[in-house]
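A.B. asks: fold the following and give me the result.
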Amino acid sequence: MVVSRMLIAANFTAQAMTDTVDFWLAEIGSPTSVSFAPYDQVFQSLLDDRGALASNRDGCNVVLVDRSTWVADESLAAIDDLVRAVRTCADSSGVPHLVVSCPTETGPTELLDAAERRLGEGFADDPRVRFIDTDQVLAWYPVENRYDAYTNRAAHQPYSREMLAALATVVVRAAEAWRVPRPKVIAVDADHTLWDGVVAEDGPLGVRVTPAHRQLQEYLLEQRANGRLICVVSRNLEADVREVLATHPDMALREEHVSAWRVNWRPKSDNLAALAAELNVGIDSVVFLDDSPVERAEVSAAYPQVLTLVPPESAADVAPYLRRCWPLDLLPVTADDRARAERYRQDAERTQARTAATSLAKFFATLDLRVEVRPLAAADLTRAAQLSQRVNQFNLTTRRYHEAELSAIPHGQALVVSARDRFGDYGLVGLVVTVPAETLEIESLLLSCRVLGRGVEHEVLRQLGRLARGAGLSRILLRFAPTARNLAAREFLDSLPAEVDPDVGYQIATEAAEALAHEPVRTPAVAAEAGSRVEAPVTAMTANLVHRTATDLATAAQIVAAVDRYRTPIAPPVLDTADPIENAVAAMWAQLLEHPPISADDDFYQLGGDSLMALQFAARVRDEYGLELPADMLFVDTFTVATMARTIRDLLASPSDDAALAGMLAELDRLSDDEVRGLLEDGRT
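C.D. replies: Residues are numbered from 1 along each chain as shown. Take a look at the predicted model:
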């Protein structure tokens with residue numbers, strides 16, 4: 001298994017996020033290793049062309065920014081420098097970059113807002129960088145008590161446990177969106193889902209579209225605007241369902257917003273498979289939403305790879321629930337994504353025209369197909385990389401590319417394919433990557449399944465033939481790596497007048513490539529694949545886990561509790577002591593340390609603790625007992641369960657807790673930054 005890398009740089013102490021990140025990676029089964037750049041060395045880490053971030057080739061790089069640290073002089077120069085540094089690192093690295101603007105507690109509000117806007121604007125046109133602002137962080141995971149003054153003074157770690165858990169979850173959630181392909185279709189039931197009531201009994205105008213149902217419909221329209229296809233799957237008369245969408249005054253979702261329908265009395269699993277085949281997508285690209293547990297169970301039994309969601313019973317909770325489902329997150333989209341639903345409407349018109357034509361040959365003769373193969377431009381990077389990640393059926397090698405990798409290919413060696421016909425524009429539908437050789441060597445050739453069977457693949461090869469002839473090359477080598485899903489590519493290659501080398505690929509004479517002709521066939525190779533009953537990809541989140549992220553792990557408090565359970569041994573440590581404070585200290589250590597204490601004399605650092613864990617322990621003591629341990633009590637030679645329990649007991653017995661607290665704070669304030677850093681880096685990390 002290939003292990004990807006997540007490298008995190010922050011301008012504050014972020015290592016306390018580790019437990020939450022580790023928890024989520026274990027939950028989603030992600031083969032990702034996580035490491036942190038040195039404390040407050042964001043620029044050094046981004047600009048070191050030999051460093052870990054610049055050399056990362058599989059995974060993602062993350063930058064967490066507390067803006068208040070960098071706008072103290074009422075200047076945005078550091079923000080502009082950060083934008084340039086991230087872009088520089090993206091130029092060197094082959095992975096996506098995530099920049100998160102974290103909440104800020106202090107500082108000039110107008111300047112902090114301006115800094116966040118400047119970050120968003122700085123990355124708006126860069127497909128290699130995803131920017132998440134504070135509003136999005138808190139929309140996903142609202143946290144009321146966000147800051148921790150104690151850990152901020154002691155180690156420049158400004159956030160509470162809940163806020164750190166929220167930030168860590170945002171990072172993993174965004175990285176998961178890059179790692180696993182996103183669903184393409186949302187198939188939704190009608191009665192008691194899109195509206196309240198049964199259209200067959202209440203009539204098209206008698207069903208009730210409550211504000212909650214309209215909120216769901218508006219959510220679906222938002223998904224459609226960002227490239228997902230909306231389909232209706234219902235046990236009804238299609239005419240009745242269409243009439244509701246056409247005439248009911250309270251509906252937000254209308255007929256023209258629906259890409260495909262299956263309204264009948266067949267099993268919904270059959271209908272979903274038929275929809276997938278019609279839309280030329282894999283069945284594992286479908287999300288199914290239905291109020292009926294019977295319908296959901298039938299679909300899950302037949303096609304476990306369909307993401308079958310379990311909506312809340314209350315209609316008012318359905319749209320918020322969907323927003324908490326990670327696979328449905330709306331990512332930065334291209335213009336091609338936004339036009340996807342309209343293209344499927346155009347495909348329906350093509351289907352009607354094909355039915356009316358006397359033959360397939362006549363239909364294709366009147367299609368007026370135009371294909372352009374041209375060098376990759378900067379504006380094509382996002383869509384081209386997206387295609388390489390998504391396309392499987394007609395993909396000769398299934399090589400995946402990120403934007404940074406494509407932008408590093410010399411000009412002219414990466415080509416993009418666009419197509420249109422008399423029914424409309426398909427947009428950018430293919431990618432070709434060539435490498436210098438004695439022949440025109442094609443390292444990658446992929447085409448979207450929506451243009452297969454129309455002759456686009458033949459026209460692409462004809463144009464590659466003309467390109468080879470212009471370069472004085474007599475042959476074209478099409479490299480090929482067979483997979484379980486690229487049967488369409490193999491059938492096309494097998495139809496060519498080419499020589500086959502099983503270890504290399506297919507070689508075709510330049511002259512033969514230029515002379516290719518399209519002979520239409522009735523059954524595209526990809527049609528059967530969409531409904532095939534295959535196991536879900538091992539890297540995708542299961543429906544149960546998606547449901548848990550939207551219910552049991554939907555808040556920062558729930559996540560903190562889950563992380564504590566994840567870190568705590570099944571059997572809590574039982575010490576040979578009757579002292580309740582010693583037992584409480586041991587329980588806190590068990591949540592932090594890989595090896596929990598088994599006696600009151602066990603030493604924190606000898607059990608694997610470090611300075612950051614010591615601060616986390618101090619924060620737990622503060623939450624449990626209302627005490628803030630002085631810094632010099634955390635970095636001592638004897639740091640045992642017994643000594644810590646005795647310290648806590650002595651502070652609790654102090655006649656003036658307020659005075660003691662004031663003394664502790666004064667002691668910390670007297671320490672210089674170098675002295676604090678010295679305590680943190682005293683050899684125990």
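A.B. asks: what's the model's confidence in the host helix or strand of His547, averaged?
C.D. replies: Per DSSP states H and E: His547 is located in helix 543-550. Helix 543-550 carries an average pLDDT of 93.
A.B. asks: off-centre distance for it?
C.D. replies: The chain centroid and the centroid of helix 543-550 are separated by 15 Å under C-alpha atoms, centre = their mean, to the nearest Å.
A.B. asks: packing partners of it?
C.D. replies: Helices and strands touching helix 543-550, by 3 or more C-beta pairs under 8 Å, 6 or more residues apart in numbering; DSSP states H and E, are strand 307-309. In short, each C-beta sits where N, CA and C put it, glycine included.
A.B. asks: for the nearest residue to Gln413 once chain neighbours are set aside, what is the enclosing helix or strand?
C.D. replies: Nearest residue to Gln413 in three dimensions, chain neighbours excluded: Thr434, at 5.0 Å (C-beta to C-beta, 6 or more residues apart in numbering). Taking DSSP H and E as the definition, one finds Thr434 inside strand 424-435.
A.B. asks: how far away from the center of its chain is that strand?
C.D. replies: With C-alpha atoms, centre = their mean as the basis, strand 424-435 stands 24 Å off its chain's centre.
A.B. asks: beyond it, next helix or strand please.
C.D. replies: For strand 424-435, the following helix or strand on the C-terminal side (DSSP H and E) is strand 440-447.
A.B. asks: rewinding a little: so how many other residues sit close to the residue nearest to Gln413?
C.D. replies: Neighbour count for Thr434, taken as other C-beta atoms under 10 Å: 24.
A.B. asks: export whatever helix or strand comes next after the helix holding His547 to PDB, keeping only CA atoms.
C.D. replies: As assigned by DSSP H and E, the chain's next helix or strand after helix 543-550 is helix 556-567. Written as PDB, here are the backbone C-alpha positions of helix 556-567 (Å, rounded to 0.1, in the frame of the first residue of the first chain):
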ATOM      1  CA  ALA A 556     -16.000  19.400  18.200                       C
ATOM      2  CA  ALA A 557     -17.100  18.200  21.600                       C
ATOM      3  CA  GLN A 558     -18.200  14.900  20.200                       C
ATOM      4  CA  ILE A 559     -14.800  14.600  18.400                       C
ATOM      5  CA  VAL A 560     -12.800  15.400  21.600                       C
ATOM      6  CA  ALA A 561     -14.700  12.700  23.400                       C
ATOM      7  CA  ALA A 562     -14.100  10.200  20.600                       C
ATOM      8  CA  VAL A 563     -10.400  11.000  20.600                       C
ATOM      9  CA  ASP A 564     -10.200  10.500  24.300                       C
ATOM     10  CA  ARG A 565     -11.900   7.100  23.900                       C
ATOM     11  CA  TYR A 566      -9.500   6.300  21.100                       C
ATOM     12  CA  ARG A 567      -6.500   7.200  23.200                       C
END
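A.B. asks: next, the buried residues of helix 556-567.
C.D. replies: Neighbour counts using 16 or more other C-beta atoms under 10 Å place Ala556, Gln558, Ile559, Val560, Ala562, Val563, Asp564, Arg567 of helix 556-567 among the buried residues.
A.B. asks: how about these in TSV, adding pLDDT and distance to Gly505?
C.D. replies: Shown next, in TSV, are these (pLDDT from 0 to 100; distance: C-beta to C-beta, whole Å):
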residue	pLDDT	distance to Gly505
Ala556	96	51
Gln558	97	51
Ile559	97	48
Val560	94	53
Ala562	94	48
Val563	92	49
Asp564	86	53
Arg567	73	50
